[in-house]
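S.K.: mind folding the following:
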Amino acid sequence: MTNRELFLNHVAQTSEAPMALEIVKAKGCYMWGADGKEYIDLISGFSVANIGHGNEEVITAVTNQVQDYMHLMVYGEIIQTPQVAYAKLLTHHLPTSLDCVYFTNSGTEAMEGAMKLAKRYTGRTQMIAFKNAYHGSTQGALSMMGDEYWRNAYRPLLPDVLHLDYNDAKSLEQITERTACVVAETVQAEAGVIVPSNEWIKTLRKKCDDTGTLLILDEIQVGFGRTGTLWAFERFGIVPDILLLGKALGGGMPLGAFIASKKLMHTLTNNPVLGHISTFAGHPVCCAAGMAAFKVLLQMIGKAETSESYQPTQFPMVHEREKLMHALLVHPEIRNIRSAGLLMAIEFESFEENHAIIQKCVANGLITDWFLFGSQCMRIAPPLIITEEEIRKVCGIILQAIDEVIH
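M.R.: Numbering: from 1, shown residues only. A predicted model of the protein is given here:
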């Protein structure tokens, strides 16, 4: 049997039509198939490979840590240097109220931990999320997902969850003194890159403050420079009570985190003890990889690893690449382009047209995809190391694919 046949027969499938490319190597912005064909990765493994594939500093960090030790004990019992060092580095580049890190295995698990923390700290039960939001696929995270198509097959889900309209001021009136937390993507990714207004997100922050509600911002896709600032909330001049991270956090290894103040996080230590626990969370090899990748990200903009005080961090080259793509991607078939840095959605008339264009792109050596709640939109989220020359090549392939489909 071929590897494709083995893949389809023995690896659990998530859809009836997987891309099923057999990739044997990845480096920088590129992947290579078993047949030697070269592909440009335009989605970074869904924003995982922010610094590209196969970074040598990350590989060295993984190799060194594997030689020291891998798994030792359940999370939180033994001091593991990679966990401690990475938590310290992250908090150096966050506001002072976000000074305590709980590492998880994934972004979804970060969502689960944050929900438990909000209920435990506030003593409240109601949780609020937004329509067209994506926060993961576990039962709790799925309860917060803002689309009935994805939720309905798995009911009953968590009770007392309310879904509001994103970027709608009137809906915020439903946040009250019985609300434990509001969970929002700082920029809605799977909806097709929906950037909230500055006024709305600041009103959301104030409403949470006024009602004693914890604001949880999900930056699992949009963190780590993706939107042009280190953290997407820096665009708006607000700070969440709890920050969710994942994807790029592990530098290509599986890692997530929810980050809050020490005061909030301490509530998970008692009544009951082990209020949140995980065997492999914050795996030392994953933390070593993530820390190396984070340092590379800071080096890209000449930012010091440590600083005396937190300052918002800009990624000028991300904004430059964003502007260039807008300038180059001009075609009558493109209905709209929405972007937040190097997270972009190219909107076409329908899913059918978008799907056909995506298939042409893949055939022509460009890996891209669509959005869960915006299937008519092509996803663009390349590694942040992409060059101007590569962007011109990418845009040429997209425009060629459009022409091939419509003609």
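
S.K.: gap between H53 and Y75?
M.R.: 28 Å (CB to CB, to the nearest Å). From N, CA and C alone the C-beta is placed, and that goes for glycine too.

S.K.: give me the number of residues near Q174?
M.R.: By other CB atoms under 10 Å, 13 other residues sit near Q174.

S.K.: tell me the contacts of it?
M.R.: The contact partners of Q174, by CB atoms under 8 Å, 6 or more residues apart in numbering, come to 128, 162, 164.

S.K.: show me where the stretch 101-250 of the chain has strands.
M.R.: For the stretch 101-250 of the chain, applying DSSP state E, counting those that start in this stretch gives strands covering 126-130, 161-164, 179-185, 214-218, 242-245.

S.K.: does K119 touch T125 like I think?
M.R.: Yes - if you go by CB atoms under 8 Å, K119 and T125 touch, sitting 6.6 Å apart.

S.K.: neighbour count: these two, which is higher?
M.R.: Neighbours per residue (other CB under 10 Å) separate K119 from T125, with K119 holding more: 18 against 14.

S.K.: how close does P156 get to L142?
M.R.: Separation of P156 from L142 (CB to CB) stands at 11 Å.

S.K.: leaving out chain neighbours, which residue sits closest to the residue most central in space within the chain?
M.R.: Closest to where the C-alpha atoms of the chain average out (CA atoms, centre = their mean) is Q221, at 1.6 Å. Spatial nearest neighbour of Q221, excluding adjacent residues (CB to CB, 6 or more residues apart in numbering): A189 at 4.3 Å.

S.K.: list the backbone torsions phi and psi for that neighbour.
M.R.: Main-chain dihedrals, A189, degrees, to the nearest 10: phi -80, psi -60.

S.K.: what's the burial count for it?
M.R.: Residues near A189, counting by other CB under 10 Å, number 29.

S.K.: was I right to think Y86 contacts C287?
M.R.: Yes - counting by CB under 8 Å, Y86 does reach C287; the two are 4.6 Å apart.

S.K.: shared neighbours of the two, anything?
M.R.: Common neighbours of Y86 and C287, using CB under 8 Å, 6+ apart, are F103.

S.K.: which one of the contacts of Q174 has the most neighbours?
M.R.: Ranked by neighbours (other CB under 10 Å), these are led by I128, which has 24 neighbours.

S.K.: picking that back up, okay, P156 and L142: which has more neighbours?
M.R.: L142 (20 against 7).

S.K.: give me the pLDDT for the more buried one.
M.R.: Turning to L142, the model gives it a pLDDT of 94.

S.K.: please name the residues that touch P240.
M.R.: P240 touches 98, 215-217, 233, counting by CB under 8 Å, 6+ apart.

S.K.: how about 10 Å then?
M.R.: For P240, the contact set (CB atoms under 10 Å, 6 or more residues apart in numbering) comprises 95, 97-98, 114, 182-184, 186, 205, 208, 214-219, 231, 233, 259-260.

S.K.: tell me the buried residues in the longest helix seen in the chain?
M.R.: Identified as the longest helix of the chain according to DSSP state H is helix 388-406. Buried residues in helix 388-406, defined by neighbour count with 16 or more other CB atoms under 10 Å: 390-391, 394-395, 397-399, 401-402, 405.

S.K.: then it to PDB, C-alphas only?
M.R.: Listed next in PDB are the C-alpha coordinates belonging to helix 388-406 (Å, rounded to 0.1, in the frame of the first residue of the first chain):
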ATOM      1  CA  GLU A 388       9.300  40.900  -0.500                       C
ATOM      2  CA  GLU A 389      10.500  38.700  -3.400                       C
ATOM      3  CA  GLU A 390       8.500  35.700  -2.000                       C
ATOM      4  CA  ILE A 391       5.400  37.900  -1.500                       C
ATOM      5  CA  ARG A 392       5.600  39.000  -5.200                       C
ATOM      6  CA  LYS A 393       5.900  35.400  -6.200                       C
ATOM      7  CA  VAL A 394       2.900  34.300  -4.000                       C
ATOM      8  CA  CYS A 395       0.700  37.100  -5.300                       C
ATOM      9  CA  GLY A 396       1.500  36.100  -8.800                       C
ATOM     10  CA  ILE A 397       0.500  32.500  -8.200                       C
ATOM     11  CA  ILE A 398      -2.800  33.600  -6.600                       C
ATOM     12  CA  LEU A 399      -3.700  36.000  -9.500                       C
ATOM     13  CA  GLN A 400      -2.800  33.300 -12.000                       C
ATOM     14  CA  ALA A 401      -5.000  30.800 -10.200                       C
ATOM     15  CA  ILE A 402      -7.900  33.200 -10.200                       C
ATOM     16  CA  ASP A 403      -7.500  33.700 -14.000                       C
ATOM     17  CA  GLU A 404      -7.300  29.900 -14.600                       C
ATOM     18  CA  VAL A 405     -10.500  29.400 -12.600                       C
ATOM     19  CA  ILE A 406     -12.600  32.100 -14.200                       C
END
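
S.K.: E185 and I194 touch, don't they?
M.R.: Yes - using CB atoms under 10 Å, E185 and I194 qualify as a contacting pair, with a distance of 8.4 Å.
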